[in-house]
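Novice: Sequence first, then the predicted structure:
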Amino acid sequence: MQINPLIFRNYDIRGIVDVDLDPVKVEAIAKAYGTFLRKRKIKQAVIGYDCRLSGPSYHESFIKGLASCGIDLIDLGMVMTQMVYYGQYRFQTNGGVMITASHNPWNYNGFKLAIGFSLTTGPEEVQELKRIVETENFFQSERVGNVTNADIKEDYINDVLKRIEIKKSYRIVMDTHKGTTTLFNPEIARKTGCEVIEINSGVDGSFPAGTPDPTDAKLMESLSKVVLENKADIGLAYDGDGDRIGFVDEKGRVLWNDVAVAIFSKDILERFPNSKIVYNTLCSQVVREVIKANGGTPVMWLTGHAFIKAKIAEVGAAFGGELSGHFFFADNAYGHDDGTYATLRVLEYLSEKNMTLSQLYETFPQFISSPEIKVGCPDGKKKAVIKDLSVKFKKDFSGAEITDENVIPGDDGIRADFEDGMLVIRYSQNGPYITVKFEAKTQDVFEKRRQYIKDILHSYKEVIWDDPLCVNIDFVK
């Protein structure tokens, strides 16, 4: 089948609705996944979808394709991504499909495909699926798989709540941004005894309030205002499918998610001394410093939920996290990214310490830090841009500690660590864009690093400044 090869990314499949994906192509991808499962003697899978407008039709097509391979389906309906992972455990199956494009704009969709409990496809598996689709060498089944509907909402809620003990009531502002989390997270937080003030509630897959992306400074600043107006204890924002989260403290400060990685690392290391903690290359130096200060071993690794989960398993880490807001608890949970569980874990830790979020944050080393910045760059050109830029990077920062593919095999960018912060730039595995993050101890140095990034990005004609995928470009435009 003719299909855009670029939608087969390093760990997910993701493309533009009615351009890269349509019901026929979706059915072919489903047949490829069904063939993939049958090769591994897996004959059952759970399936769910988020609230995107294309979700219902793609869901129908995916079920049709999988069932044609003799795969029995347990249909969870519209759910958060973590509920599909939970469904794997609930029904004891290695197969799992989540139809979502996560934090991408409304006109994108895609698939997270399981290869085991809480584990999703990596580069090799995605390329295997691509080859099956292109050759149409699908498994021929003598029977069509059965489809069973299952409502796991209450089971999931009970499972999450039994792992948490929040010792006080908090006033929470929760921005679900018209995404799928509206259906679940406010209710779950209220069950813990917290007061929840909802903004952008209700479900609308056209995302009229803007793309649900907790790395977007404008979204988070809007949340900050409501936190201050309501004298709330914390503000929480989620992406479209619920596996990612963002935080605002009671003073209205946006705490980028590398700070949250540090918070969770401190929590883990207090109970599991000497543990390994995995984090991605986009994270602030605060993560490394907090892990070391609390007796842990920092393990910096590739960006991407599939890569982080795999590294956690490889090194036996107790926790892992990413700047994007994916958090992986391997101590008292399943080890996959779950924004709902992360919500409750931060509230639990604050209640145990009897501290506010700002008080906890202020115990950490302080950096002036940019948000995660995304600028458009075509899929066919972004790797070459980063490769060329890396040469300049090494020359310009010859005295810095450099992290690239020579340090982390397969790394998709380059990072320079200084005594007073860091600077990192990489191409995305999820879409046609480049990601940037920088920090410093003083405003003067921060501005110099900002100007460096601004100048170097503007030197490439391949960079697109008005792409819908751009986020936080005001910092460098």
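Specialist: Good, I have the coordinates. Residues are numbered from 1 along each chain as shown.
Novice: Next one: the spatially most central residue of the chain from Ala310, what distance?
Specialist: By Cα atoms, centre = their mean, the chain has its centre lying nearest to His326, at 4.3 Å. Remark: distance between His326 and Ala310 (Cβ to Cβ, to the nearest Å) = 13 Å. For every residue, glycine as well, the C-beta is placed using N, CA and C.
Novice: where's the residue nearest to the centre of the chain relative to Trp106, distance?
Specialist: Using Cβ to Cβ, which is the criterion applied here, His326 is 21 Å from Trp106.
Novice: and if you look at Gly431?
Specialist: For Gly431, the distance to Trp106 equals 14 Å [Cβ to Cβ].
Novice: okay, those two: which has more neighbours?
Specialist: The neighbour comparison of Gly431 against Trp106 (other Cβ atoms under 10 Å) goes to Gly431, with 27 against 22.
Novice: Regarding Cys283, what is its secondary structure?
Specialist: Of the three states, Cys283 takes coil according to DSSP: H, G, I helix; E, B strand; the rest coil.
Novice: Pull the number of nearby residues for the residue lying closest to Gly235 once chain neighbours are set aside.
Specialist: Counting by Cβ to Cβ, 6 or more residues apart in numbering, Gly235 lies nearest to Val248, which is 3.3 Å off, once chain neighbours are set aside. Neighbour count of Val248, defined by other Cβ under 10 Å: 27.
Novice: you'd agree Val248 is up against Asn230?
Specialist: No: counting by Cβ atoms under 8 Å, Asn230 is not a contact partner of Val248; they are 11.5 Å apart.
Novice: Give the residues shared as contacts by the two.
Specialist: Common neighbours of Val248 and Asn230, counting by Cβ atoms under 8 Å, 6 or more residues apart in numbering, are Val173.
Novice: Any figure for the gap between Glu462 and Ile16?
Specialist: Distance, Glu462 to Ile16, using Cβ to Cβ: 19 Å.
Novice: typo on my end, Gly252
Specialist: Computed as Cβ to Cβ, the Gly252 to Ile16 distance reads 36 Å.
Novice: Look at the residue lying farthest from the centre of the chain and give its secondary structure.
Specialist: Here the chain reaches farthest from its C-alpha mean at Glu142, the gap being 38.3 Å by Cα atoms, centre = their mean. Three-state assignment for Glu142 (three-state DSSP): coil.
Novice: Check what pLDDT it gets.
Specialist: Note for Glu142: predicted pLDDT of 95.
Novice: Also Gln82?
Specialist: On the pLDDT scale, Gln82 is placed at 98.
Novice: Quick one: residues contacting it.
Specialist: Residues counted as contacts of Gln82 (Cβ under 8 Å, 6+ apart) are 156, 242-243, 336-341.
Novice: can you rerun that using 10 Å?
Specialist: Taking Cβ atoms under 10 Å, 6 or more residues apart in numbering, we find Gln82 in contact with 98, 118, 156, 160, 184, 241-243, 333-334, 336-342.
Novice: Give me the neighbour count for Val278.
Specialist: Per other Cβ under 10 Å, the neighbour tally for Val278 reads 29.
Novice: what secondary structure does it sit in?
Specialist: Per three-state DSSP, Val278 ends up strand.
Novice: isn't there a strand covering Ile425?
Specialist: Yes: Ile425: assigned to a strand according to three-state DSSP.
Novice: So it sits against Ile434, correct?
Specialist: Yes: counting by Cβ atoms under 10 Å, Ile434 is a contact partner of Ile425 at 6.6 Å.
Novice: Give the intersection of the neighbour lists for the two.
Specialist: Jointly contacting Ile425 and Ile434 under the rule Cβ under 10 Å, 6+ apart are 373, 375, 385-386, 389, 413, 457.
Novice: Restricted to strands, list those.
Specialist: 373, 375, 413 (DSSP state E).
Novice: can you count the residues close to the second one?
Specialist: Meaning Val375. Using other Cβ under 10 Å, Val375 is surrounded by 26 other residues.
Novice: quick one: it and Tyr427, what's the gap?
Specialist: Counting by Cβ to Cβ - Val375 and Tyr427 are separated by 10 Å.
Novice: Find residues that contact each of these two.
Specialist: Counting by Cβ under 10 Å, 6+ apart, the common neighbours of Val375 and Tyr427 are 382, 433-435.
Novice: which phi and psi does Leu228 have?
Specialist: Note on Leu228: its backbone torsions stand at phi -70, psi -40 [degrees, to the nearest 10].
Novice: That one: neighbouring residues, count only.
Specialist: Using other Cβ under 10 Å, Leu228 has 15 other residues around it.
Novice: Can you give the domain ranges for the protein?
Specialist: The record assigns the chain these domain ranges, following automatic domain parsing: 5-151, 155-255, 368-475.
Novice: quick one, which of those is nearest to Val278?
Specialist: domain 368-475 (11.6 Å; Cβ to Cβ).
Novice: so how far does that closest one reach from one end to the other?
Specialist: End-to-end span of domain 368-475 (Cα to Cα, to the nearest Å): 13 Å.
Novice: Then stretch 244-256?
Specialist: One end of stretch 244-256 to the other measures 12 Å (Cα to Cα).
Novice: list the buried ones in that stretch?
Specialist: 244-250, 252-256 (16 or more other Cβ atoms under 10 Å).
Novice: Can you tell me which of the shared contacts of Ile425 and Ile434 are buried?
Specialist: Neighbour counting by 16+ other Cβ under 10 Å classes 373, 375, 385-386, 389, 413, 457 among the shared contacts of Ile425 and Ile434 as buried.
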